[in-house]
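Asks: please find the sequence and the predicted model below.
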Amino acid sequence: MTTATPDPVRVTTRDLLAEIETREHTSPRPAELERHERSYVRWMLLSVIVVLGALYGALWWLDPISVTGRQTRFSIVENGGVRQAKLDLMEQLPATPDVLVLGSSRSMKLNPATIEDVTGGETAFNGAVSGGTTKDIYLYARYAEDLWGDQGEFPHLVVGVVNDVLRFGGTSALDPRLKRYLPKEDAAQANQLEVAKALLQTKTVEAGARAVKRVVEQEGPGALLNPVQKGTEINADLAVVGKQKGNNVEFLDDRGMQEFKPGADYSKSVEVRVERQMTVFARNGYEKDPDYTGADDRAVDLLRKTIELANRNGDVPTFWVTPFHPTALRFLPDEYDVRNARFREVFADLRKDTSLEFNFIDLDDISSFGGDPEEFHDGIHPTEKNTAKIIAKLHEEGALTRAANRR
């Protein structure tokens, strides 16, 4: 069978693919055609690289999901500025707080004012951040050591934990004030891999497109050339509909407390809210991350370093297991039990190390602190009433005050 060879000078992509489809691979191939095919592949790969590079550069410049350590006009992330804002507020505290709350968004609900009332005067600062992991916890503890360790007044660490906390992720390492505490190779990886992975997601591209449209409509094309906002001038209303109060430093009080779910819609029952939120939680935490088993070895190492840091500064830190709503776990796959067992095994192993001192208080079951199943925002975030009960329980266990947890 003889196959017509297209003119290499005027050949089109369609012609080339059609010729390849009908080709007898045992037949001799024209050298000119082979050169043309190699050239085509080289130019195609180069084009893909150029497009991806341009896309990455544009998304880094806009930073719609606040992962570069900058706060931009195009940020659509509710808690995008929280990490930076809380560092600013820690610097501005007039004195070392007695208690430093750390952890994820679940711990963000612990109100320093309630801690002060329950303990009879212990001052507190809430340094927890949305999506906080062991890396975030360790970096904030290091920052606290730099701020107050030399004064011999290191605060008592109160850390909310659950099995997701032992992932190695966390974007606090992208802030220059915290990145310096990581080994150089980890800091570089944080910038190069974590940022690239986050920015090149489809949802980030879509978010960037929406944000650009809104900001340019409000501030004009010149906003594209000047995307960065200063920490005290964050205007999260530019890129999104409705004021995202959690993204604005002015809506955090001077002790790091964020308003409880500003503007949230509670017209649905708690059961509906739990199902809706846990369905998303399961998809993002399990379906999209099937390889996580409940503890990354690097995260466990940072957990150990956090305990060692606190002990070195005379503190016996408190780790408390944050609760789920009683119906929440039915929306999670069987892998939850595997992860939860591994998470608890890590703390049990650390307990066996006589060189480490820490409190571990299990509040996973809401009956342990007298919690009300109606007092949940969703499947994992208790309302202020349940949070107050958690604080009271921690105090009852003697694990909340600095003086009681000195070595």
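Replies: Looks like it arrived, so ask away. Residues are numbered from 1 along each chain as shown.
Asks: helix or strand for residue 148, which one?
Replies: For residue 148, the element it lies in under DSSP states H and E is helix 134-148.
Asks: distance from the chain centre to that helix, please.
Replies: 16 Å (C-alpha atoms, centre = their mean, to the nearest Å).
Asks: and what of stretch 296-313?
Replies: Stretch 296-313 sits 19 Å away from the centroid of its parent chain (C-alpha atoms, centre = their mean).
Asks: mind listing what's buried along that stretch?
Replies: Judged by neighbour count using 16 or more other C-beta atoms under 10 Å, the buried positions of stretch 296-313 are 296, 299-300, 302-304, 306-307, 309-311, 313. Every C-beta, even on glycine, is put in place using the N, C-alpha and C of the backbone.
Asks: in helices, which of those residues fall?
Replies: Mapping those onto helices (DSSP state H) picks out 299-300, 302-304, 306-307, 309-311.
Asks: domain ranges for this protein?
Replies: 13-58, 81-183+249-405 (automatic domain parsing).
Asks: the strands in this structure, which residues?
Replies: For the chain, the strands defined by DSSP state E occupy 99-102, 124-126, 156-161, 318-321, 359-362.
Asks: any idea of the pLDDT on the spatially most central residue of the chain?
Replies: Of all residues in the chain, the one closest to the mean position by C-alpha atoms, centre = their mean is residue 131, 3.6 Å from it. On pLDDT, residue 131 comes in at 82.
Asks: measure it to residue 207 for me?
Replies: Separation of residue 131 from residue 207 (C-beta to C-beta, to the nearest Å) stands at 16 Å.
Asks: buried set for stretch 326-343?
Replies: Those would be 328, 331-332, 335-336, 339-340, 342-343, for stretch 326-343 by 16+ other C-beta under 10 Å.
Asks: out of those residues, which are inside helices?
Replies: Among those, DSSP H puts 335-336, 339-340, 342-343 in helices.
Asks: need the residues you listed in a markdown table with distance to residue 402 and pLDDT, can you?
Replies: Shown next, in a markdown table, are these (distance: C-beta to C-beta, whole Å; pLDDT from 0 to 100):
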| residue | distance to residue 402 | pLDDT |
| --- | --- | --- |
| 335 | 38 | 92 |
| 336 | 34 | 92 |
| 339 | 32 | 93 |
| 340 | 30 | 93 |
| 342 | 31 | 95 |
| 343 | 27 | 95 |
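Asks: same list, those residues, but as a markdown table with distance to residue 396 please.
Replies: Output for those, formatted as a markdown table (distance: C-beta to C-beta, whole Å):
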| residue | distance to residue 396 |
| --- | --- |
| 335 | 34 |
| 336 | 29 |
| 339 | 29 |
| 340 | 25 |
| 342 | 29 |
| 343 | 24 |
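Asks: among these, which one lies nearest to residue 277?
Replies: Minimum distance to residue 277 across those is 15.2 Å, recorded for residue 336 (C-beta to C-beta).
Asks: pretty sure that closest one is touching residue 329, no?
Replies: Yes - the pair formed by residue 336 and residue 329 meets the contact definition of C-beta atoms under 8 Å, at 6.5 Å.
Asks: low pLDDT regions in the stretch 151-300 of the chain?
Replies: Applying pLDDT under 70 to the stretch 151-300 of the chain flags residues 170-175, 183-194, 229-251, 259-267.
Asks: any chance you could map the helices in it?
Replies: 176-179, 184-189, 195-199, 202-219, 270-282, 297-312 (DSSP state H, counting those that start in this stretch).
Asks: those helices: which one's closest to residue 152?
Replies: Going by C-beta to C-beta, the one of the helices of the stretch 151-300 of the chain nearest residue 152 is helix 297-312, 11.9 Å.
Asks: kindly export the closest one (C-alpha atoms) in PDB.
Replies: Only the C-alpha atoms of helix 297-312 are listed here, as PDB (Å, rounded to 0.1, in the frame of the first residue of the first chain):
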ATOM      1  CA  ASP A 297       6.500  12.000  59.300                       C
ATOM      2  CA  ARG A 298       7.700  15.500  58.600                       C
ATOM      3  CA  ALA A 299       4.600  16.900  60.400                       C
ATOM      4  CA  VAL A 300       5.200  14.600  63.300                       C
ATOM      5  CA  ASP A 301       8.800  15.900  63.600                       C
ATOM      6  CA  LEU A 302       7.500  19.400  63.700                       C
ATOM      7  CA  LEU A 303       5.000  18.400  66.400                       C
ATOM      8  CA  ARG A 304       7.900  17.100  68.500                       C
ATOM      9  CA  LYS A 305       9.900  20.200  67.900                       C
ATOM     10  CA  THR A 306       6.900  22.300  69.000                       C
ATOM     11  CA  ILE A 307       6.700  20.400  72.300                       C
ATOM     12  CA  GLU A 308      10.500  20.700  72.800                       C
ATOM     13  CA  LEU A 309      10.400  24.400  72.100                       C
ATOM     14  CA  ALA A 310       7.600  24.900  74.700                       C
ATOM     15  CA  ASN A 311       9.400  22.800  77.300                       C
ATOM     16  CA  ARG A 312      12.700  24.600  76.600                       C
END
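Asks: fine, thanks again, bye for now.
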